[in-house]
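**Q** would you be able to build a 3D model of this:
(4 chains)
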4 protein chains.
Amino acid sequence: MSEIAVSTFSTTEHILTRFHQVRQQSIALCEPLEIEDFVVQPTVDVSPPKWHLGHSTWFFENFILVEYVDNYQLYQPKYNYFFNSYYESQGPRILRSSRGNMTRPSVDDILKYRQHVDSKIVALLSKDEVNDDLLHLIEVGLQHEQQHQELLVTDIKYILGNNPMYPPYQDMMMEMRYQEARPMAFEQIKEGIYEIGYDGNGFCWDNEQSRHKVYLHDFEIADRLVTNGEYLAFIAAGGYENFEHWLMEGIEWARSLEVKAPLYWYEKDGEWYHYTLRGLEKVNLEEPITHISYYEADAYARWKGMRLPTEQEWEVYCAKKHNSIPEDGNFVETMQFHPTVAESDKDNQLLGQVWEWTSSAYLPYPNYPRFKGALGEYNGKFMVNQMVLRGGSCATPHSHIRTTYRNFFHADKRWQFTGIRLAK
Amino acid sequence: MSEIAVSTFSTTEHILTRFHQVRQQSIALCEPLEIEDFVVQPTVDVSPPKWHLGHSTWFFENFILVEYVDNYQLYQPKYNYFFNSYYESQGPRILRSSRGNMTRPSVDDILKYRQHVDSKIVALLSKDEVNDDLLHLIEVGLQHEQQHQELLVTDIKYILGNNPMYPPYQDMMMEMRYQEARPMAFEQIKEGIYEIGYDGNGFCWDNEQSRHKVYLHDFEIADRLVTNGEYLAFIAAGGYENFEHWLMEGIEWARSLEVKAPLYWYEKDGEWYHYTLRGLEKVNLEEPITHISYYEADAYARWKGMRLPTEQEWEVYCAKKHNSIPEDGNFVETMQFHPTVAESDKDNQLLGQVWEWTSSAYLPYPNYPRFKGALGEYNGKFMVNQMVLRGGSCATPHSHIRTTYRNFFHADKRWQFTGIRLAK
Amino acid sequence: MSEIAVSTFSTTEHILTRFHQVRQQSIALCEPLEIEDFVVQPTVDVSPPKWHLGHSTWFFENFILVEYVDNYQLYQPKYNYFFNSYYESQGPRILRSSRGNMTRPSVDDILKYRQHVDSKIVALLSKDEVNDDLLHLIEVGLQHEQQHQELLVTDIKYILGNNPMYPPYQDMMMEMRYQEARPMAFEQIKEGIYEIGYDGNGFCWDNEQSRHKVYLHDFEIADRLVTNGEYLAFIAAGGYENFEHWLMEGIEWARSLEVKAPLYWYEKDGEWYHYTLRGLEKVNLEEPITHISYYEADAYARWKGMRLPTEQEWEVYCAKKHNSIPEDGNFVETMQFHPTVAESDKDNQLLGQVWEWTSSAYLPYPNYPRFKGALGEYNGKFMVNQMVLRGGSCATPHSHIRTTYRNFFHADKRWQFTGIRLAK
Amino acid sequence: MSEIAVSTFSTTEHILTRFHQVRQQSIALCEPLEIEDFVVQPTVDVSPPKWHLGHSTWFFENFILVEYVDNYQLYQPKYNYFFNSYYESQGPRILRSSRGNMTRPSVDDILKYRQHVDSKIVALLSKDEVNDDLLHLIEVGLQHEQQHQELLVTDIKYILGNNPMYPPYQDMMMEMRYQEARPMAFEQIKEGIYEIGYDGNGFCWDNEQSRHKVYLHDFEIADRLVTNGEYLAFIAAGGYENFEHWLMEGIEWARSLEVKAPLYWYEKDGEWYHYTLRGLEKVNLEEPITHISYYEADAYARWKGMRLPTEQEWEVYCAKKHNSIPEDGNFVETMQFHPTVAESDKDNQLLGQVWEWTSSAYLPYPNYPRFKGALGEYNGKFMVNQMVLRGGSCATPHSHIRTTYRNFFHADKRWQFTGIRLAK
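**A** Residues are numbered from 1 along each chain as shown, chains lettered A, B, ... in the order given. Predicted coordinates for the structure are as follows:
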């Protein structure tokens, strides 16, 4: 993280407000849950909601309170074992696949833990000598918690959506994707040198840096996402069975798991339904397709005689279209889901519908400045065998939606809100 | 089940009392739990406590209400999918290993389900024409629920005991095993024809029948169980490393899972601790060893130059010692744990300390009368690759403790309260 | 092994003749193979033929030459690592599943190893002081080699029969099973005390001892084996799909592996074919069914409303029928396959068609006298989770066919020549 | 493949000579083997040598004879099932992991198959109307066979090197890597636009095209490979245990497989040995390190405070250093191993020592022209979750060594001759 960023969080007041709002938002997201829903881990990728609440708190305690508070006494030393996610430097931790076996600490215990840590952070920020490093760490902690807010939504969806009762999460407007009924047009972008990577004054992750030049060749990129209806044509054409469209690993994946449709899709009497956060619904043909793997996105594109864009192409197109790199990272959202944005600008809307698979592997940029210290484990150590996604989804906190943000998942993952933009 | 049994449940009043008590006992056993504890399945053998509560209720609804109540409407048709354990005749069911992924129905939903079914059963029993078949089915349902009460205790122990916080289940007296400090003596039993199997007037399972003759050779059998202290001598002598004591599958099991002590045992600074229902405690050297696999029991016996008794030897010895086949199955316990029994008869106590591994494979007796109909899946289809255990443990409902009762588990299972009696 | 046995191998001349014949027979069995056929291990149960040739030689070198020859130098010390099967006392060995990865020592190397060890054994037997212990060990080595001769045939069948070219092993008369077209009759045996176990003067394995009394109840046992045609009726009736006939583990086994017919059976245009040692042939409806698991045998019997006999019932029936315990173990066969025996006594033939699954788990007899020393690992350590088979097959050396011989395999194994005799 | 390539194979005579030489070279490489060595598959990546001989022949029969010879009768229709590697368009094939279970067709059968196909190809080339498409296909077939020649060497090494006898493959000079004792220097390359990809007149694979511009930033790249001695310093410093150097997947891979050194390395009495094609030898500290995974290469570089080069950086550096793109693809090698090249130009030698892991994922170039028809499955469908390697090794046919050649393997693979060049 560059030092420029610091100036933007300069007032304690500002950061305190943001701290309260972000921390509160995690609780708000869990509000519709039953206690039972907080506990399970139906697949290794999906963490129990209570684990997210504990882990994001541990992050503040472990990386900030322990460092900045004299003689800080851990709230409960064993929590380090429960809530360390993957930081080797922070000592042993429970096996990732065992998170869903741990009934204690209880939800109530964890809420108390949150309150304890929150009060200590507030006290820390109320002191006179709040320095820039601390402000930066607080901001990292909040950005980190916001990433877990997105995971909370996708993990809750998985927990509820894999239950044969298909319980709704909320009835309010969410998982709202804009109708894309207009014909797909392609924007042409000319060959030449472009710059990509973050260079604003707000917060960014280390993996968005350094901003650097790339040479792109002429390409065309779709001005809207692929819809459910278009994807159904692929299914109807036998797309899942025809090896010609698929990567080798992709078709082996589909065959061994008997994948024949996106995650959460069910066919009944010739009609397609899918589980949404509102419950089981008929598939809306005009919404963007989501919950597909990279393999499926890639196969669909090849079936169409096209391809997925690289992350560089995507960023150049997006920057051109929007010129919308957020001025700073201080934007505070109190709503997880942002359909109102959509209303205002339906046709031009590019970001925040689904995470768009790119054809780029997740690798470091030139002069990648890995975070220093323990946080060096944050992004860099995952840079192999994952693909980059761009854009952001209905579950993404609004301040995380920017043209340079690099999300990344393994090619077979489908529980995020993932989708397809075509290129050629 | 033979028709003789029926006469013993002859009054509706009697069965109603027992019904209330048994059903209430399942709830009482869960009383110390947090809601979170009801949900998880840390290993495939261990079912979530809320599943036990739902399944034992489904058993009454599915095998009795559906059969005996005209136009009975299922409380919630999807519950058949959730709560069917393994009855192929009753339609599809969730994968056993997915029980711990299901957060709904919630504990509260299941408690309501229990009340609903209870009221329907009570109404059914309040009618005039309560026939013997129905009484027998009610009794089977109660016996079945009692078996799940034992599993509730062992599964709760596993859920709490695998949590690094080692939360206690209850502080009251439980897991009380009698001290066995006296020297081990061996009773000699003479060669000849003996009879084994159930022939009382109470309830028994189909697998305890038919009573039949066996020819036994001279044998000697220990008058008390192997203690923790004696087992520690085996550990200290390198017993887990020396192949000579072990069955081939046993030592491969121990090696691959790095088993070096009973389940729940932890060494710390040269001292052995184990998790009990009261929390983590120092191992009491004079209590009977428990939570060991058949492989370990067999290896220990061979290390001592002895063997485990066959189930026939065990039953003959036990019957001789006790003459204590319960007169009928109507005994009602309201306490899960029965240390008071122990107090009264410490020296002669044989049954109810731990389940004792025998050297007998679980197979049908001559003229085995498998239950008719759907309940035919109850016992018979498990008669391969399991070993018989006899006796009963602190978690066993008192009325299930009888000399002819045949418990059975795979040779590697350790989460039940299992122990060792030597023979030669 | 009891000391009685020794007297029967009393002349060196006798044992030398037998030694040459048995050792030669292993080579003769491999005569039809290509070098390539000697090397592979298509499933973990099936060992490469060259491994059998090396292992049976290692047995003589390791348990006899090393013990009886002063300053004996191992032919090649590394062979201990290659050819030790499962003797923990004999040091480390290659993982069982890696046998088929070892291209060296070559077939030629192993034949030289055989010659070397043979000459040393002959020299040892030519000395004056040949004592009884040595004679006994030689006999164990020969019996052991004969067991591997049976495995050679079944393993070769598996290697060739899983090759889509279905190459024949030999064109000569083999896998000849007698036609069983006559109606199945049942012999009735009366309740009472019987004796089982070996008490002859020849060789027997430790697991056939001690001879002891058992109490049997009235039973009936079929006078012939179940045929292919009868088994096809089970298939045609949907037997593989109907859970009611199956053990739980059995139907899970069949479902997960998609088992719908015996091993080596293939349906083509509504006609059933099976691979035999002569190549692919139409199924002969009147021959005994073979290559089925215990699960299938058990399911078939339940479908017929009957059961499999216990090993005690089988032995009592067989002994009564035959009175044919071989006088001694010195019988020398030079033919692996013995259809001529059949010719002479077609109707009464009981033994040597297929290994007949019994309903008995493989467990020690009362007063089981485990072999002393390293050979103590021979039989005893396998006494868990296996089922007993009785009789012998076309691949069984003739001298191994006796009423007391206890073969044993896991319930899912099918590559031996296994079959079904009904009881009730 | 572009049409430009065709002109270079213009004379039938030329191609016939090359055909004979390449086909003969595959046989020559197997000359030192025992028949047994041809059969096994000790790990799924390693194919049996006889399979390589059959598959490369099937490639000619299936993609050329079937297409170009009227009424061509397959030599043996079942061979399609045995020797199809992964071409979905060519029908079903044996499971990859079963290649090592197939003892037939025998080595002899396959040699006859080779002769048959060779004679048919020669006859086809002897006709008048040999068109460019055919010449191109022949060339693809030969290039394909040469790729399998490299695999033959690495697979043979694995087969012999995993045998506890460590049999040598050949005693002649091979696996000769040049000593790198001189200090490592770094060449500086300036930021700017560069071109990469193939644009010569010879043969190239589709994945080397299209040649295109890339923008590179200032970088430095080592002028020699990392040596065994340098890598030993990493081991000695605890490099395998310190998570800080590793990708997350890398350290999990190393831990789960207990990797503590390169493949084929063994420590004995404090001394390091490794298996080479000459047998077991002491590790030569001055030779380039080889047989390491991408994870290890990446960890080593991070330990040194550097990184691996991207494939673009590598190609630019290499092209600058060599200007050595082979003029055409017609170069014929009759020696698999080429130490003589080394002698002539030790200091400048860059290519052909080991395959150098780059930090680039294997992805298509802009305007990637996938082969048409069935051969479209050749390269493109593997473009996910693999890393690019550049350079070539002692096992690489000389004509395959060019600056634009893109080899690719999964990050955990070590059985190829893989190594490390540092960048920063």
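**Q** okay, CA-based contacts and neighbour counts for the rest of this
**A** Will do.
**Q** residues of the stretch 301-424 of chain A that sit close to chain D?
**A** Selection of the stretch 301-424 of chain A residues close to chain D by CA under 8 Å from any CA of the partner chain yields A:359-361, A:363, A:366, A:380-386.
**Q** would you point out the most distant pair within these?
**A** Using CA to CA, these span at most 20.2 Å, a distance reached by A:Ser359 and A:Lys381.
**Q** returning to that earlier point: pick out the lowest-pLDDT one from the residues of the stretch 301-424 of chain A next to chain D.
**A** pLDDT is lowest at A:Gly380 among those; the value there is 91.
**Q** so that residue sits right up against A:Lys372, yeah?
**A** No: using CA atoms under 8 Å, A:Gly380 is not in contact with A:Lys372, being 11.0 Å away.
**Q** the two: who's more crowded?
**A** A:Gly380 (21 against 11; other CA atoms under 10 Å in any protein chain shown).
**Q** which residues touch the more buried one?
**A** A:207, A:364, A:370, D:247 (CA atoms under 8 Å, 6 or more residues apart in numbering or on different chains).
**Q** ok, so what distance separates A:Gly192 from A:Asp218?
**A** For A:Gly192, the distance to A:Asp218 equals 8 Å [CA to CA, to the nearest Å].
**Q** okay, now A:Trp265: neighbour count?
**A** By other CA under 10 Å, neighbour count at A:Trp265 equals 18.
**Q** hey, what's it bridged with?
**A** A:His274 (DSSP bridges).
**Q** in contact with it, which residues?
**A** So A:Trp265 contacts A:272-275 (CA under 8 Å, 6+ apart).
**Q** could those go into CSV alongside pLDDT and neighbour count?
**A** Shown next, in CSV, are the contacts of A:Trp265 (pLDDT from 0 to 100; neighbours: other CA atoms under 10 Å in any protein chain shown):
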residue, pLDDT, neighbour count
A:Trp272, 98, 16
A:Tyr273, 97, 16
A:His274, 97, 18
A:Tyr275, 96, 22
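**Q** need those in CSV with distance to B:Tyr75, can you?
**A** Listed next are the contacts of A:Trp265 as CSV, based on distance: CA to CA, whole Å:
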residue, distance to B:Tyr75
A:Trp272, 28
A:Tyr273, 25
A:His274, 26
A:Tyr275, 24
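**Q** biggest separation within the residues you listed, which pair?
**A** A:Trp272 and A:Tyr275 (10.4 Å).
**Q** what about the stretch 201-350 of chain A, any weak spots by pLDDT?
**A** A:323-350 (pLDDT under 70).
**Q** repeat the analysis, applying 90 as the threshold.
**A** Residue ranges of the stretch 201-350 of chain A with pLDDT under 90: A:201, A:321-350.
**Q** can you pull out the strands in it?
**A** A:212-216, A:219-222, A:265-268, A:271-276, A:279-282 (DSSP state E, counting those that start in this stretch).
**Q** now render these as TSV, adding distance to A:Ala123.
**A** TSV is the format used below for those (distance: least, CA to CA, whole Å):
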stretch	distance to A:Ala123
strand A:212-216	40
strand A:219-222	50
strand A:265-268	48
strand A:271-276	41
strand A:279-282	42
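**Q** looking at A:Ser359 and A:Lys381, which one has more neighbours?
**A** A:Ser359 (24 against 18).
**Q** state whether the more buried one is indeed within a helix.
**A** No: assignment of A:Ser359 by DSSP: H, G, I helix; E, B strand; the rest coil gives strand, placing it outside any helix.
**Q** what sits against the closest residue to it other than its chain neighbours?
**A** Of all residues not flanking A:Ser359 in the chain, A:Thr310 sits nearest, at 4.8 Å (CA to CA, 6 or more residues apart in numbering or on different chains). When contacts are counted by CA under 8 Å, 6+ apart, A:Thr310 touches A:358-360.
**Q** got a list of what A:Val122 touches?
**A** Counting by CA under 8 Å, 6+ apart, A:Val122 makes contact with A:Leu16.
**Q** separation between it and A:Trp357?
**A** Remark: distance between A:Val122 and A:Trp357 (CA to CA) = 39 Å.
**Q** wait, doesn't A:Thr12 sit right on A:Leu125?
**A** Yes: A:Thr12 lies in contact with A:Leu125 (CA under 8 Å); the separation is 6.6 Å.
**Q** nearest to chain B, of the contacts of A:Trp265?
**A** A:Tyr275 (15.6 Å; CA to the nearest CA).
**Q** verify the contact between the closest one and A:Glu281 for me.
**A** Yes: using CA under 8 Å, A:Tyr275 makes contact with A:Glu281 at a distance of 6.2 Å.
**Q** name the nearest residue to A:Leu247, ignoring sequence neighbours.
**A** D:Lys381 (4.4 Å).
**Q** A:Gln25 versus A:Gln146, what's the distance?
**A** Distance from A:Gln146 to A:Gln25, by CA to CA: 9 Å.
**Q** the two: who's more crowded?
**A** A:Gln146 (23 against 19).
**Q** and the residue in the stretch 301-424 of chain A positioned nearest to chain D, helix, strand or coil?
**A** Closest contact between the stretch 301-424 of chain A and chain D, by CA to the nearest CA, is at A:Lys381 (4.4 Å). Assigned state for A:Lys381: helix (three-state reduction, three-state DSSP).
**Q** can you map out the helices along the stretch 51-200 of chain A?
**A** A:66-68, A:79-83, A:107-125, A:132-161 (DSSP state H, counting those that start in this stretch).
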